[in-house]
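J.: The following comprises the amino acid sequence and a computationally predicted model.
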Amino acid sequence: MKAWTKPVTAACLLGLAACAQPPEPPQQIYDPYANTTAGALYQGDLAGGVLGIEATAQYFRNTVGDTVLFPSGQTTLTAEARNVLARQAEWLNKYTNFNAVIQGHAEETGTREYNLALGARRASAVQEYLVAKGVSAGRIRTLSFGKERPVETCSDEACYAKNRRAVTVVTDSGAAS
């Protein structure tokens, strides 16, 4: 072995030894909730988060209920419809950042004009009920589809009953358009 290779080999071994040093321990992060025996502290509902799930259109649709049904050719609210609308009014009064569009619908029988008028009267009946329960009239619009958007296309009473409805669609007025 040549004399100059020993210092080069030693330098290489020292360089490798420097790379093999144990890493520094990770920096400690202070968590003020980690030392409490009860875990994280509840600080109220957070809109859009897991705790604020009630403040969503999906919650309104699935839990509060967005649809009321009507008897054939009628705009009178049934007891069941009033129960659903009372829940809707309570939710809308709690979450004032939401606006509503009431969509009136009718079954397939009858003329297009008759069903558009019937859908409009059904939507208005729902709107009047919600306003009477304290929801600001400025937050509610009505729209009639008549027989143009059936839940089911059919020719029997069970199916017609599903199409005689008013649907409340809520949108967050603070959300980006």
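T.: Perfect, I can see it now. Keep in mind the model is a prediction, meaning the values are calculated, not measured. Numbers count the residues shown, from 1 in each chain.
J.: Strands of this protein, residue ranges please.
T.: Under the criterion DSSP state E, strands of the chain are mapped to 67-69, 98-105, 140-146, 165-172.
J.: How many residues are close by the closest residue in space to residue 135 that isn't next to it in sequence?
T.: Using Cβ to Cβ, 6 or more residues apart in numbering and skipping the chain neighbours, the partner closest in space to residue 135 is residue 92 (4.7 Å). C-beta coordinates here come from the backbone N, C-alpha and C atoms, glycine included. When counting by other Cβ atoms under 10 Å, one arrives at 23 neighbours for residue 92.
J.: which residues does residue 92 contact?
T.: The contact partners of residue 92, taken as Cβ atoms under 8 Å, 6 or more residues apart in numbering, are 98, 100, 130, 135, 139, 170.
J.: Pretty sure the fourth one sits against residue 89.
T.: Yes - here residue 135 reaches residue 89: they are 5.5 Å apart, a contact under Cβ atoms under 8 Å.
J.: more crowded one of those two?
T.: residue 135 (23 against 18).
J.: quick one: the helices in this protein?
T.: Ranges of helices in the chain, per DSSP state H, are 5-19, 57-59, 79-94, 112-132, 157-163.
J.: pLDDT of the longest one, averaged?
T.: Summarised as a single mean, pLDDT over helix 112-132 is 96.
J.: for that helix, which positions count as buried?
T.: By 16 or more other Cβ atoms under 10 Å, the buried positions in helix 112-132 come out as 115-127, 129-130.
J.: correct me, but residue 145 touches residue 104?
T.: Yes - because the distance of 6.9 Å satisfies Cβ under 8 Å, residue 145 is recorded as touching residue 104.
J.: so where's this structure uncertain?
T.: 1-8, 10-24, 26-51, 175-177 (pLDDT under 70).
J.: that older thread, winner for burial among the strands of the chain?
T.: Highest mean neighbour count of those: strand 98-105, a mean of 22 (counted as mean count of other Cβ atoms under 10 Å).
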